[in-house]
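Asker: this is a predicted model, with the sequence first.
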Amino acid sequence: MTIGKPPVQVRRTRQVDPRWMRLGGWLVMGALLRIMTDTAEGTPSDHWYVLSNALESPALIGWLAAAVVVWALLEVWRARQLGSVVSTWTAAPRGRLRTLSAVPLTRWLMLAAVAAAAIVIPQFLSEFYQRVLVDQVAVFVLLAVGLNVVVGWAGLLDLGYVAFFAIGAYTCAYFTRALPVRPPFALNPFVILPIAVLVCLTAGLLLGAPTLRLRGDYLAIVTLGFHEIVQLFLVNKNNWTGGNEGAFGIPHFSINLFGIHYSWTLASLPYWYLFIAMLAILVFLFNRLEHSKVGRSWTSIREDEVAAAANGVPTVKYKLMAFAIGASTSGLSGVLYASRIGYINPASFPIVLSITVLSYVIFGGMGSLIGVIVGAALLTFLPAVFQEQAIVRQEDIPMWIGAILVVMMIFRSQGLIPSRRRRRELRLAAQGIADADAMSESPEGRS
């Protein structure tokens, strides 16, 4: 008689509801924000004073309550999104067609509401917040939109992106005769805009042509070196760039055409509306570009460059195109910044700005135009608000942004408002089918 082995009992592990995991993440974020916004300072004998003071303060309850409210709103929005998808596919054909046809109308209404808010609300803000919108939000949003082309769409890690920002600003200074080396004539900043775009585009081509055959970390190191070359050139060439003193007296934008005479001044609102016009044009052009043959080629290169090349996509050509377009957008932002401030020097373009803009793109959602705009706007405007209200000290702002990025990468790695393609990449990566890293060195590196 053969005695068989006793049946193996399989212990079933109870999985935690993802909703409670998200709630825990938001509570941790609320506690971290309370700690970072505490104005108390520790003593040499009590290094834990700040932590204990923050966690024992009644203000902690307010931060945790705000975190719970945000979590509840996001869960309601998530449930409504899931319900709309289910209802769309289970409804009758006529109902499904009606639902799908209503999407563009809703999108246009939302865009109209956002545009109206961007035009009207700044008029009721104080001068301090208007300066924040122009000097920080406008500049960083333009930079993030341009870097999104390079990192989010083409999957190229560029750590020297601010070098093109400096090239655009110094191009404006040169053609307005604010540098020691002067052209025979001075130009209006409006005329300099296309010139700066062409100069930065050429610089991007010159940098990218010999280096874009590299991938991943190697390309990042090359771009990092390019930034250092540009900054050292600006510092050392005193007879050309003014050295550490920089350029003074860069004029503002002005219009003198067909009897219309208007000059921008130090007032913030006119520059804000100029930025809105620039951003609207860029969003329209980039949205068309994303859904064109060029955009689809960038997507194939980002997802698997080897497979794209094997299927006939000229990878170097399209990577070079992405690099040049991103550089030209950075130059556009440089002209706006130089004309607005009126003074630039090499210290205005440190390497840390490239890391900052990259973090804004990752926070908002790589590959998502709306995401990078919202992400850059939030991470530049909110710290200024907290600093002005004496909630956060200026030296603590990088730590505050870093903590938000850490929590975001843990609980929402796709970003604040991710694109559909990015969500799909992460879903396939979770299933082990593809690589979610848009900047990986090679598709074989997943072992």
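Answerer: Right, received. Where do you want to start?
Asker: the strands in the protein, which residues?
Answerer: 254-257, 260-263 (DSSP state E).
Asker: and those strands, which is most packed in?
Answerer: Most buried of the strands of the chain, by mean neighbour count (mean count of other CB atoms under 10 Å): strand 254-257, with a mean of 12. From N, CA and C alone the C-beta is placed, and that goes for glycine too.
Asker: counting by contacts, list what that strand packs against.
Answerer: Applying 3 or more CB pairs under 8 Å, 6 or more residues apart in numbering; DSSP states H and E, one finds that strand 254-257 contacts helix 189-211, strand 260-263.
Asker: ok, back up a step: let me have the strands of the chain in a markdown table, extended by mean pLDDT.
Answerer: Converted to a markdown table, those look like this (pLDDT from 0 to 100):
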| stretch | mean pLDDT |
| --- | --- |
| strand 254-257 | 83 |
| strand 260-263 | 80 |
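Asker: make TSV out of the ones you listed and add distance to Ala220.
Answerer: Below are the strands of the chain laid out as TSV (distance: least, CB to CB, whole Å):
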stretch	distance to Ala220
strand 254-257	40
strand 260-263	42
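Asker: ok, back up a step: do you know which of the helices and strands packed on strand 254-257 lies nearest Pro122?
Answerer: strand 260-263 (18.6 Å; CB to CB).
Asker: ok, the closest one: who's next to it in the sheet?
Answerer: Strand 260-263 pairs in its sheet with strand 254-257 (antiparallel), by DSSP bridges.
Asker: where does this structure dip in pLDDT?
Answerer: For the chain, the stretches with pLDDT under 70 are 1-16, 36-50, 77-108, 390-392, 422, 425-426, 429-447.
Asker: what's the spacing between the residue nearest to the spatial centre of it and Leu193?
Answerer: By CA atoms, centre = their mean, the chain has its centre lying nearest to Val361, at 2.7 Å. Relative to Leu193, Val361 is positioned 23 Å away (CB to CB, to the nearest Å).
Asker: same thing with Pro180?
Answerer: 23 Å.
Asker: these two: which is more packed in?
Answerer: Legend: neighbour count by other CB atoms under 10 Å for Pro180 and Leu193, higher for Leu193 (21 against 14).
Asker: which residues in the stretch 251-400 of the chain form helices?
Answerer: Listed in chain order, the helices found in the stretch 251-400 of the chain under DSSP state H, counting those that start in this stretch are 268-290, 293-303, 305-310, 315-341, 351-364, 369-388, 397-411.
Asker: please apply the same query to the stretch 51-200 of the chain.
Answerer: Under DSSP H, counting those that start in this stretch, the stretch 51-200 of the chain gives helices at 59-90, 93-120, 127-132, 139-147, 162-175, 189-211.
Asker: neighbours of Arg177, how many?
Answerer: Counted with other CB under 10 Å, Arg177 comes out at 17.
Asker: returning to that earlier point: quick one, which of the helices of the stretch 251-400 of the chain gets closest to Val235.
Answerer: helix 351-364 (13.3 Å).
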